[in-house]
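A.B. asks: Take a look and give me a structure for this.
(one chain, ligands or ions: 1)
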Amino acid sequence: MKTLLNIAIIIAALATTSAFADAKVKAGPRKGLILDLGGKQAEFFVEKDRSISIAVYDAALKAQPASTEVITATAEAPTGKTKIEFAKKGDLFVSTTKLPDGEGYQVVVQAKSTPEAKTKNFRIKLQLHTCKGCGNAEYACTCDE
Ligand SMILES: [Zn+2]
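C.D. replies: From the prediction side, this is the model:
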């Protein structure tokens with residue numbers, strides 16, 4: 001039932017204005033941050049080696065192989081902006097460069113579900129410690145406070 005409830009919440013979030021949809025953080029099956037690409041969803045996850053992996057799901061969070069999505073990111077580290085490219089690796093997109101040292105800076109992910117779609121920008125504050133409340137990394141924390 002929990003899954004059905006989650007799907008209902010996702011559908012409700014998609015139906016509301018973007019301001020409301022942005023307010024609620026959604027985490028994916030890998031404990032990453034869900035980015036809504038419109039019809040599809042992408043899960044932003046920072047690996048232990050500081051590379052970023054992105055999994056693709058449909059609107060109901062069913063895993064999809066990486067296909068037509070176009071994803072790039074910019075790490076806005078204090079030492080300067082770093083452009084991050086992604087390559088397909090199995091079913092995932094994996095960054096070909098690692099995140100710069102440190103945390104607390106913003107990572108801007110630019111993603112679209114197809115090359116023709118409108119690019120969506122997602123600003124993610126890179127906080128890597130694990131939240132005690134939900135067990136996710138802080139950038140994907142789903143706690144209400
Ligand atoms: Zn939390």
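A.B. asks: List, one by one, the residues from this protein near the ion.
C.D. replies: Within the chain, the positions adjacent to the ion are 131, 133-134, 141, 143 by Cβ under 5 Å from the ion. Every residue, glycine included, has its C-beta placed from N, CA and C.
A.B. asks: Any chance of a ChimeraX selection covering the buried ones in the residues you listed?
C.D. replies: Buried residues among the residues of the chain next to the ion (16 or more other Cβ atoms under 10 Å), as a ChimeraX selection:
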select :131,134,141
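A.B. asks: what's the closest non-adjacent residue to the residue nearest to the spatial centre of the chain?
C.D. replies: Geometric centre of the chain, nearest residue: F44, 3.0 Å, by Cα atoms, centre = their mean. Excluding its sequence neighbours, the residue lying closest to F44 (Cβ to Cβ, 6 or more residues apart in numbering) is L33, at 4.5 Å.
A.B. asks: which residues touch that neighbour?
C.D. replies: By Cβ atoms under 8 Å, 6 or more residues apart in numbering, L33 lies in contact with 25-27, 43-45, 124, 139-140.
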